[in-house]
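Student: My questions concern the predicted model and sequence given below.
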Amino acid sequence: MKKFESLGLSPGLVESVELLGFETPTPIQEKAIPVLLKGTEDFVGLAQTGTGKTAAFGLPLLELVDDAQRDTQALVLAPTRELTLQITNDLENFSEKFKAFNIVAVYGGASIGEQIRKVKRGAQIIVATPGRLIDLIDRKAVRLETIRFVVLDEADEMLNMGFKEDLDKILSYTPETKITWLFSATMPREVRSIMKNYMTNPYELTVGEQNKGNVNIEHRYVLVPEREKYAALKRILDFTPEIFGLIFCRTRIDTQRVAEMLIKDGYNADSLHGDLTQQQRDRVMMKFRNRALQILVATDVAARGIDVEDITHVIHMNMPDEMEFYTHRSGRTARAGKKGISIALVSRSEQGRIKQVEKSLRTPIKRMMVPTGAEVCQKQLLALMHKVREVKINEEEMEALLPSVYEELNHLTKQEIIKRFASLEFNRFLDYYRNAPDLNDVETKGDGKGGRYLTGTRFFINLGKMDGLDKSKMLEVLDEMAGLEKKDIGKIDLKGAYSFFEVEKGKEDHILRSFRGMEYMGRPLRVDIAGPEATDRKPKERENGKSFKKSFKKGFKKKWK
Ligand code: AMP
């Protein structure tokens, strides 16, 4: 294995790094350092946090920047205040035994005057979040004409957080001759566009498994009347006792209101919004980060840059007005390769936004049902029993106390004890949910034979009993061909040579597309929307009847086995 000195770094720098306990370079350091040290090429590194990328760009940067000059020569941009501070701290540690740099961190939420003073003292390296750097540029406190190196760290996150315009502006102020190094965990279109616009033929390096970004987020929505949203939120929280969640509201007032109601209803919640002082915000964030807080309710702006690991759920009280906000909100979960769930509480008037987001993300947002009262009770009871099973028992201390307890309970059977014990904790849930209404906004319910709900579009399919299908086989066909699950499907009406099935509105295009060109037992499949009045009649060909015929001839065919 290679050592740091073999990568071309100066002995002073190697010594500092070794003092930090870095013995051997990580793969990205081994590959990137020799390339970056040349200081002549643009560079793109696909790597996640934790791979050692800070040293991978930091060490070459410290070599290339001249500490004898006071001009700002390098600019490192990062999405969050935390990351900015961490990079600054790392660079200071690396350079301790090497050169006398003035490295200044520039980020929002701290005194801008102090940061301006530090920059004016002559910062060879500025590590900044894009928003605050723009403030400094606007106040003419930084000069970027002398910049030789720009590092974009976690570029995908910066774009996710809505910093695209800020980045464009900042990069436009830096000289054409600068060298740009970009690091990103994912390579979405927006990052490619930054590469195209601002970099020249960059050296590309991928380290480890590429994080596919959103793939770990499961996107869902529930359809509820606006007035039931808070009740639906509570159901979801009660149904998910292990939640460590972030709830987004559009306005400060809503944020405060939802948090206050949650606190009043006994949840471990707090809020983060623009009316709080920086100190109050820091306090809330610290509680959340330390898990002393289970639910944080926040506005989009206040939650910019929240970088807390292990958030299990992001809940949107309403669909945001801006598309990027949805991505930014959802991206707070499923971090560092973990899984996460994003749930939007959507009223009928917001339903169209779901389709827009689906199209833009190219990811389906599945509808889920608000759990019923009975489902919540079942889940809570199981969670309670799980806790009972897992609880640590202090045998010694218990031993002395238990005889009188045994005596008190000895006339009860094991079953009775369990029932009483569960009721003790659980009666409040039973009381609350005893007559709990269905909160889902649905036009018509399923008939119980297919899925659980239906707001219904009726489809015709040219398969039926004559093909040997029964309902469960038909469900399999619909699942295999169009990814429809039982809960997506309403009534299935099997006829001889054809059938009808109903699916909630909004999936028409997807379903028609999925069946195009498909075969079942060698027979081309045909699916079309059946008119609402259609009963047992086959639907008419579509106006432009050619579309189906044409699709039969298409090359791609899939055999149903
Ligand atoms: P990063 O991906 O830059 O955030 O680094 C992840 C963690 O790995 C940080 O705590 C670094 O201090 C540590 N680290 C980076 N490079 C090395 C190395 N070569 N040997 C040991 N630890 C390292």
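Tutor: It's in. Numbering: from 1, shown residues only.

Student: burial count for Arg189?
Tutor: By the measure other CB atoms under 10 Å, the count of residues near Arg189 is 7. Quick note: C-beta positions are derived from backbone N, CA and C, even for glycine.

Student: Ramachandran angles for it?
Tutor: Main-chain torsions, Arg189, degrees, to the nearest 10: phi -50, psi -40.

Student: Do you know the pLDDT at it?
Tutor: For Arg189, the pLDDT comes out at 82.

Student: Now do it against Ser360, distance only.
Tutor: 11 Å (CB to CB, to the nearest Å).

Student: which non-adjacent residue is nearest the spatially most central residue of the chain?
Tutor: Most central in the chain under CA atoms, centre = their mean is Gly331, positioned 2.9 Å from the mean C-alpha point. Distances taken as CB to CB, 6 or more residues apart in numbering put Asn160 closest to Gly331, at 5.0 Å, once the chain neighbours are dropped.

Student: mind listing what that neighbour touches?
Tutor: Pro79, Glu324, Thr327, His328, Gly331 (CB atoms under 8 Å, 6 or more residues apart in numbering).

Student: Any chance of those residues in a markdown table with pLDDT and secondary structure as columns?
Tutor: Formatted as a markdown table, the contacts of Asn160 follow (pLDDT from 0 to 100; DSSP: H, G, I helix; E, B strand; the rest coil):
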| residue | pLDDT | secondary structure |
| --- | --- | --- |
| Pro79 | 90 | coil |
| Glu324 | 70 | helix |
| Thr327 | 81 | helix |
| His328 | 79 | helix |
| Gly331 | 82 | coil |
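
Student: Of those residues, which ones also sit close to the ligand?
Tutor: Contacts with the ligand within the contacts of Asn160, counted by CB under 6 Å from any ligand atom: none were found.

Student: between those residues, which is nearest Gln351?
Tutor: Thr327 (19.0 Å; CB to CB).

Student: Looks like Leu36 contacts Pro60 (just checking).
Tutor: Yes - contact criterion CB atoms under 8 Å: Leu36 and Pro60 qualify, at 3.7 Å.

Student: any weak-confidence spans in the chain?
Tutor: 1-2, 49, 208-215, 304-305, 335-337, 442-455, 531-561 (pLDDT under 70).

Student: which parts of stretch 343-353 are buried?
Tutor: For stretch 343-353, the neighbour count (16 or more other CB atoms under 10 Å) marks Ile343, Ala344, Leu345, Val346, Ser347, Glu350, Gln351, Arg353 as buried.

Student: Same question for stretch 279-287.
Tutor: Buried residues in stretch 279-287 (16+ other CB under 10 Å): Arg281, Val284, Met285.

Student: And stretch 122-132, by the same measure?
Tutor: Applying a neighbour-count criterion of 16+ other CB under 10 Å, one finds Ala123, Gln124, Ile125, Ile126, Val127, Ala128, Thr129, Pro130, Gly131, Arg132 buried in stretch 122-132.

Student: Return the member of the residues you listed nearest to the ligand.
Tutor: Set against the ligand, the nearest of the buried residues of stretch 122-132 by CB to the nearest ligand atom is Val127 (13.1 Å).

Student: which residues does the residue in the stretch 451-561 of the chain that the ligand sits nearest to contact?
Tutor: Closest approach between the stretch 451-561 of the chain and the ligand, counting by CB to the nearest ligand atom: Gly483, at 36.6 Å. Gly483 is in contact with Ser514, counting by CB under 8 Å, 6+ apart.

Student: Out of the buried residues of stretch 279-287, which is nearest to Tyr433?
Tutor: Val284 (30.3 Å).

Student: I'd like the buried residues of stretch 343-353 as JSON lines, with secondary structure and distance to the ligand appended.
Tutor: As requested, those are arranged in JSON lines below (DSSP: H, G, I helix; E, B strand; the rest coil; distance: CB to the nearest ligand atom, whole Å):
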{"residue": "Ile343", "secondary structure": "strand", "distance to the ligand": "30"}
{"residue": "Ala344", "secondary structure": "strand", "distance to the ligand": "32"}
{"residue": "Leu345", "secondary structure": "strand", "distance to the ligand": "35"}
{"residue": "Val346", "secondary structure": "strand", "distance to the ligand": "37"}
{"residue": "Ser347", "secondary structure": "coil", "distance to the ligand": "41"}
{"residue": "Glu350", "secondary structure": "helix", "distance to the ligand": "38"}
{"residue": "Gln351", "secondary structure": "helix", "distance to the ligand": "41"}
{"residue": "Arg353", "secondary structure": "helix", "distance to the ligand": "36"}
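
Student: and the closest residue to Phe149 other than its chain neighbours, how many neighbours?
Tutor: Excluding the flanking residues, the one nearest Phe149 by CB to CB, 6+ apart is Ala74, at 4.3 Å. Counted with other CB under 10 Å, the neighbours of Ala74 add up to 27.

Student: Can you tell me what sits against the top helix by length along the chain?
Tutor: In the chain, assigned by DSSP state H, the helix with the most residues is helix 414-433. Helix 414-433 is contacted from outside by Asp238, Gly373, Ala374, Val376, Cys377, Gln380, Leu381, Leu384, Met385, Val388, Leu409, Leu412, using CB under 8 Å, 6+ apart.

Student: contacts with the ligand among the residues you listed, please.
Tutor: Restricting the contacts of helix 414-433 to those near the ligand - CB under 6 Å from any ligand atom - leaves none.

Student: Which ones among those map onto helices?
Tutor: Asp238, Gly373, Ala374, Val376, Cys377, Gln380, Leu381, Leu384, Met385, Val388, Leu409.

Student: Max pairwise distance over these: which two?
Tutor: Among those, Gly373 and Leu409 lie farthest apart (CB to CB), at 30.4 Å.

Student: Looking at these two, which one has more neighbours?
Tutor: Neighbours per residue (other CB under 10 Å) separate Gly373 from Leu409, with Gly373 holding more: 19 against 13.

Student: Sort out which one of the contacts of Asn160 lies nearest the ligand for me.
Tutor: Ranked by distance to the ligand (CB to the nearest ligand atom), the contacts of Asn160 are led by Pro79 at 13.2 Å.

Student: give the contact list for the closest residue to the closest one other than its chain neighbours.
Tutor: The shortest distance from Pro79 to any non-neighbouring residue, by CB to CB, 6+ apart, is to Glu157 (4.1 Å). Glu157 sits next to Pro79, Thr80, Ala185, Gly331 when contact means CB under 8 Å, 6+ apart.

Student: secondary structure element for Glu157?
Tutor: For Glu157, the host element (DSSP states H and E) is helix 155-160.

Student: any chance you could map the strands in the stretch 351-500 of the chain?
Tutor: Along the stretch 351-500 of the chain, counting by DSSP state E, counting those that start in this stretch, strands occupy 366-367, 444-445, 453-454, 457-461, 489-494, 499-503.

Student: for the stretch 51-200 of the chain, same thing?
Tutor: Using DSSP E, counting those that start in this stretch, strands in the stretch 51-200 of the chain cover 74-77, 103-106, 125-128, 149-152, 179-184.

Student: would you list these in a markdown table and tack on distance to the ligand?
Tutor: Listed next are the strands of the stretch 51-200 of the chain as a markdown table, based on distance: least, CB to the nearest ligand atom, whole Å:
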| stretch | distance to the ligand |
| --- | --- |
| strand 74-77 | 12 |
| strand 103-106 | 16 |
| strand 125-128 | 13 |
| strand 149-152 | 12 |
| strand 179-184 | 9 |
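
Student: circling back to that earlier point, identify the bridge partners of the residue nearest to Phe149.
Tutor: Assessed by DSSP bridges, Ala74 has beta-bridge partners Ile125, Phe149.
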